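Asks: Predicted structure and sequence below. I'll ask about it afterward.
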Amino acid sequence: MTEKEKRDQGLLYDANYDPEIVQARIACQDQCHRYNMLLPSQTQERQELLRGLLGKTGERFWIEQPFWCDCGDQIELGEDFYANHNLQIIDAAKVTFGDHVFIAPNCGFYTAGHPLNPRQRNQGLEYAKPITVGKNVWIGAHVVVLPGVTIGDNTVIGAGSVVCKDIPSGVVAVGNPCKVVRVLTEEELA
């Protein structure tokens, strides 16, 4: 079994020394660098580059510069996706965003995790778990979303939150660790 196959199955894999994984990550970083060096006014070139880099996009999406990811092809964007400056996605596993997701500046989505055992960590081993963000989700500034998390539809994640467990649909959740503080009302969801 290749290291990529191990990664895709959620097993420990060699993220730092496997030539195939390292080469793919560097190629993705090159594309991110090209994207980040384009002028803000080069809107068509920016969209074309992201369409070639990301696994799936809607017709309408926008990611402000700078933007960084590790693989690109593991990221799926729904329709009307918007991300403000400094979005980071460590997409060793699938990262899926539903329609009408809005992400404030300086947010990170991290699918990679590392073993507690220092010997395994020192060998460059890690695991990856997918992240799923539902539709109509608003994520405040400086939010961190960790491996394996699902955020439900129609949810707001408050600024500065660290989301380490699933968050249900139709709620406002904030904090470190991120917790539900209230359910959104019918009026708020209408």
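Replies: Right, received. Where do you want to start?
Asks: quick one, what contacts the closest residue in space to residue 67 that isn't next to it in sequence?
Replies: Nearest residue to residue 67, sequence neighbours excluded (CB to CB, 6 or more residues apart in numbering): residue 87, at 5.0 Å. Heads up, the C-betas are built off the backbone N, CA and C, glycines and all. Counting by CB atoms under 8 Å, 6 or more residues apart in numbering, residue 87 touches 63-64, 67-68, 103, 107-108.
Asks: which strands and helices sit next to the helix ranked longest in the chain?
Replies: Across the chain, the helix with the greatest residue count (assigned by DSSP state H) is helix 19-37. Judged by 3 or more CB pairs under 8 Å, 6 or more residues apart in numbering; DSSP states H and E, the packing partners of helix 19-37 are helix 3-8, helix 43-53, strand 67-69.
Asks: Among these, show me which one is buried the most.
Replies: Ranked by mean neighbour count, the helices and strands packed on helix 19-37 are led by strand 67-69 with a mean of 20 (mean count of other CB atoms under 10 Å).
Asks: which neighbours does that one have in its sheet, and in what orientation?
Replies: If you go by DSSP bridges, strand 67-69 pairs up with strand 87-90 (parallel).
Asks: Pull out the buried positions in stretch 137-144.
Replies: For stretch 137-144, the buried set under the neighbour-count rule, 16 or more other CB atoms under 10 Å, comprises 137-141, 143-144.
Asks: low pLDDT regions in the protein?
Replies: The model of the chain has no residue with pLDDT under 70.
Asks: Residue 23 is nearest to which of the helices and strands packed on helix 19-37?
Replies: Residue 23 sits nearest to helix 3-8 of all these, at 11.0 Å, using CB to CB.
Asks: Touching that closest one from outside, list them.
Replies: Against helix 3-8 from outside (CB under 8 Å, 6+ apart): 12-15, 18, 20-21, 92-93, 127-128.
Asks: Kindly indicate which of those lies nearest residue 183.
Replies: Set against residue 183, the nearest of these by CB to CB is residue 93 (29.5 Å).
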